[in-house]
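1. Give me a 3D structure for the following:
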Amino acid sequence: MKLLKGTALYSIILGTCPICQNESMYKKRNPFILNQLFEMHDRCTHCNTKYKIEPSFFYGAMYVSYGIGVALGVAVFLISHLLLKTNLLVSFVLICIAVIGLLPLEMRLSRNIWINLFMKYDKKKSKKTSQNA
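-> Coordinates of the predicted model:
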């Protein structure tokens, strides 16, 4: 993963601060702790980036989540129905299981994508904070 450091993909996959990429935005890294799925730090302790730019900022992540959900459903359908030759009912059940089972990952991923659309990695802030630590 260190090869991707400095790219938006690094921050999206790991859920790190989009500006310095030195710490997780979430209080608990495990998205399957459902009662703390959306609990985020207010600011990055390294570069002081405020994660919630404005009230209801992450409502836009719902649109990203919809796209991820559709892509996941299509992928499961293609794998199950076309490659594994299952019938439509089995494919439907597999889609439901995949979408519901991966929902916590989808929600975190959509938030990570959404914030990375508005904030970009800053090499200066990343190095400056790393030297101070």
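
2. From now on I want contacts and neighbour counts done on CA atoms only, so please keep to that.
-> Fine.

3. Please enumerate the helices of this structure.
-> Using DSSP state H, the helices assigned to the chain run over residues 8-14, 61-77, 88-101, 103-118, 123-132.

4. Buried residues, the shortest one. List them.
-> Of all the residues in helix 8-14, those buried under the rule 16 or more other C-alpha atoms under 10 Å are 8-12, 14.

5. just stretch 28-47 next, same as before
-> 29, 31, 37-38, 40, 44, 46-47.

6. Return the distance of it from the chain's centre.
-> 11 Å (C-alpha atoms, centre = their mean, to the nearest Å).

7. List of residues touching that stretch?
-> The set of residues external to stretch 28-47 that reach it, using C-alpha atoms under 8 Å, 6 or more residues apart in numbering, is 17, 19-20, 22-23, 25-27, 49-52, 104-105, 108, 125-126, 129-130.

8. follow-up on the earlier one: format the buried residues of stretch 28-47 as CSV; extra columns: distance to residue 76 and pLDDT.
-> Formatted as CSV, the buried residues of stretch 28-47 follow (distance: C-alpha to C-alpha, whole Å; pLDDT from 0 to 100):
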residue, distance to residue 76, pLDDT
29, 26, 90
31, 21, 93
37, 24, 91
38, 26, 91
40, 30, 94
44, 36, 94
46, 39, 91
47, 40, 92
